[in-house]
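Novice: Just a sequence and a predicted model for now, questions to come.
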Amino acid sequence: MSDLFLNILAIYLDAAPWLLLGLIAAGLIKAWVSEAWMIRWLGGRGFGPVARAAVIGAPLPLCSCGVLPAALGLRRSGASRGSTLSFLIATPETGVDSVAVTYALMGPFMAIVRPIAAIFSAVFTGILGGLVPEKPLPPAAAPDCDDGGCCSSLPIGKAKPKPSPEAAWKCGLEGLRYAMTDILDDLAFWLAIGIIAAGALITWLPPQSLAQWGSGVPAMLVMLAIGVPMYICATASTPLAASLLLLGVSPGTVLVFLLAGPATNIATLGLLRRELGGPVLAVYLFGISAAAIACGLATDALVQYTGISVTAQVAETGELVPEWLSILSATLIAVFAIRPLRNSLLERVPKAG
């Protein structure tokens, strides 16, 4: 039981900085990105909005929990269902931080293959999700700053006046308040369930035990079965993936884990079902699974054809997030997730403006 608690705590500390970053991004998106812009670029159906969402999300350094508030903010600001799915997949599967670590740990080949596969899986799943009929967006409180400043909504095509520094500051504060209250309340339960489940999986079924499966579709299906419910960041998954390579798992099978693990977990699946419905959740799981296996098989075929030795490129790296930052972020999130304590603190902080 002590191992279970320590693993849950370790996962929470690992996730906290990225979750806090995601909440901040969600608040600023809600505050500073107008609904008109969001609908113009990420609204509607078709390849364009879905591809743009994938390209926008791919370089962002947000993990599978950090992307949830950001994607929720995008959806409630007017992004289409397909674009939301595309952003929700591309963002945690890759990022400038995880690509850098992939290059350091697994070499240039995997550093190139990983983001390409992530964008492909995001666009593929986003297009499938766009085929499901839309339903009305759930009501959500917006930041209280619709005064012609940075986050006021304007008709599509109409120029938005440049906000004053005071208005921009007010919008930013209100956006952060919105993220740390409304959005965090929407996420807290499923995040807790996901982190606890991930701790249990790591405790009783260590991922290193999967190395015996080697390669091929059966091994990839095992990676999917473990990666889908597990919480693991793209960056945090890279050292584990490198160790699997050294233990004999094929690059394509490892790629399946790198795609499915960060993009899916119990928290994401629960929130997705509530926000977008069961049919979209089914499409989401099918799209990620099919794309991950297709990319894995293609990667193994490419390695075999070119004769590249990926295991020879594996190296070691250290922790990217300081321990003090993880503890600070975890404390802040815990405080704001407890409503009575949060309300007591916010009562002492006057609203901006």
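Specialist: Sure thing, it's come through.

Novice: Run through the helices of the stretch 151-300 of the chain in chain order.
Specialist: With helices called from DSSP state H, counting those that start in this stretch, the stretch 151-300 of the chain shows them at 165-178, 184-204, 217-227, 234-246, 251-263, 266-276, 278-306.

Novice: Under the pLDDT cut-off, which ranges of the stretch 251-353 of the chain? List them.
Specialist: 311-321, 348-353 (pLDDT under 70).

Novice: With respect to residue 132, which of the helices of the stretch 151-300 of the chain lies nearest?
Specialist: Nearest to residue 132, of all the helices of the stretch 151-300 of the chain, is helix 278-306, at 5.2 Å by CB to CB. Heads up, the C-betas are built off the backbone N, CA and C, glycines and all.

Novice: What residues sit buried inside the closest one?
Specialist: For helix 278-306, the neighbour count (16 or more other CB atoms under 10 Å) marks 280-281, 283-285, 287-289, 291-297, 299-300, 303 as buried.

Novice: Off-centre distance for it?
Specialist: 18 Å (CA atoms, centre = their mean, to the nearest Å).

Novice: tilt between that helix and helix 266-276?
Specialist: 130 degrees (axes from the mean of the first three to the mean of the last three CA atoms, to 10 degrees).

Novice: Now do helix 278-306 and helix 251-263, the angle between them.
Specialist: Using the same axes, to 10 degrees, helix 278-306 lies at 150 degrees relative to helix 251-263.

Novice: so what does helix 278-306 touch, helix or strand wise?
Specialist: Judged by 3 or more CB pairs under 8 Å, 6 or more residues apart in numbering; DSSP states H and E, helix 278-306 is in contact with helix 81-93, helix 96-130, helix 217-227, helix 251-263, helix 266-276.

Novice: To which secondary structure element type does the closest residue to residue 341 other than its chain neighbours belong?
Specialist: Nearest residue to residue 341, sequence neighbours excluded (CB to CB, 6 or more residues apart in numbering): residue 335, at 5.7 Å. Three-state assignment for residue 335 (DSSP: H, G, I helix; E, B strand; the rest coil): helix.

Novice: Give the burial count for residue 335, as a bare number.
Specialist: 13 (other CB atoms under 10 Å).

Novice: hang on, the earlier thing: distance to residue 24 for the helices of the stretch 151-300 of the chain - can I get that in a markdown table?
Specialist: Formatted as a markdown table, these follow (distance: least, CB to CB, whole Å):
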| stretch | distance to residue 24 |
| --- | --- |
| helix 165-178 | 7 |
| helix 184-204 | 11 |
| helix 217-227 | 27 |
| helix 234-246 | 18 |
| helix 251-263 | 20 |
| helix 266-276 | 18 |
| helix 278-306 | 25 |
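
Novice: Wait, residue 67 touches residue 91, no?
Specialist: Yes. Using CB atoms under 8 Å, residue 67 is in contact with residue 91, at 4.3 Å.

Novice: By mean pLDDT, point me to the weakest helix or strand of the chain.
Specialist: helix 35-42 (a mean of 62; mean pLDDT, DSSP states H and E).

Novice: Give me the residues contacting stretch 113-124.
Specialist: 47, 50-51, 53-55, 57-58, 85-87, 89-90, 93-94, 98-99, 102, 251, 255, 258-259, 263, 287-288, 290-292, 295, 299, 302 (CB atoms under 8 Å, 6 or more residues apart in numbering).

Novice: again with stretch 286-298
Specialist: Under CB under 8 Å, 6+ apart, the answer for stretch 286-298 is 85, 89, 113, 117, 120-121, 124-126, 128-129, 217, 220-221, 224, 228, 252-253, 255-256, 259-260, 263-264.

Novice: Please repeat the previous calculation with a cut-off of 6 Å.
Specialist: 117, 121, 124-125, 128, 220, 224, 252-253, 255-256, 259-260, 263 (CB atoms under 6 Å, 6 or more residues apart in numbering).

Novice: which among the residues you listed gets closest to residue 184?
Specialist: Closest to residue 184, out of all of the contacts of stretch 286-298 and judged by CB to CB, is residue 263, at 21.4 Å.

Novice: wait, the closest one sits on residue 93?
Specialist: Yes. Residue 263 is in contact with residue 93 according to CB atoms under 6 Å; the separation is 5.0 Å.

Novice: Same drill for the two, tell me which one is more crowded.
Specialist: Between residue 263 and residue 93, counted using other CB under 10 Å, the more crowded position is residue 93 (32 against 29).

Novice: Tell me which residues touch residue 196, please.
Specialist: residue 8.

Novice: Also residue 50?
Specialist: Counted by CB under 6 Å, 6+ apart, residue 50 has contacts 82-83, 86, 123, 126-127.

Novice: rewinding a little: adding distance to residue 8, write the contacts of stretch 286-298 out as a markdown table.
Specialist: Below are the contacts of stretch 286-298 laid out as a markdown table (distance: CB to CB, whole Å):
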| residue | distance to residue 8 |
| --- | --- |
| 117 | 30 |
| 121 | 29 |
| 124 | 33 |
| 125 | 29 |
| 128 | 34 |
| 220 | 28 |
| 224 | 23 |
| 252 | 31 |
| 253 | 27 |
| 255 | 27 |
| 256 | 25 |
| 259 | 24 |
| 260 | 21 |
| 263 | 21 |
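
Novice: Spatially, which two of the residues you listed are the most separated?
Specialist: Farthest pair in the contacts of stretch 286-298, by CB to CB: 128 and 253, 23.7 Å.
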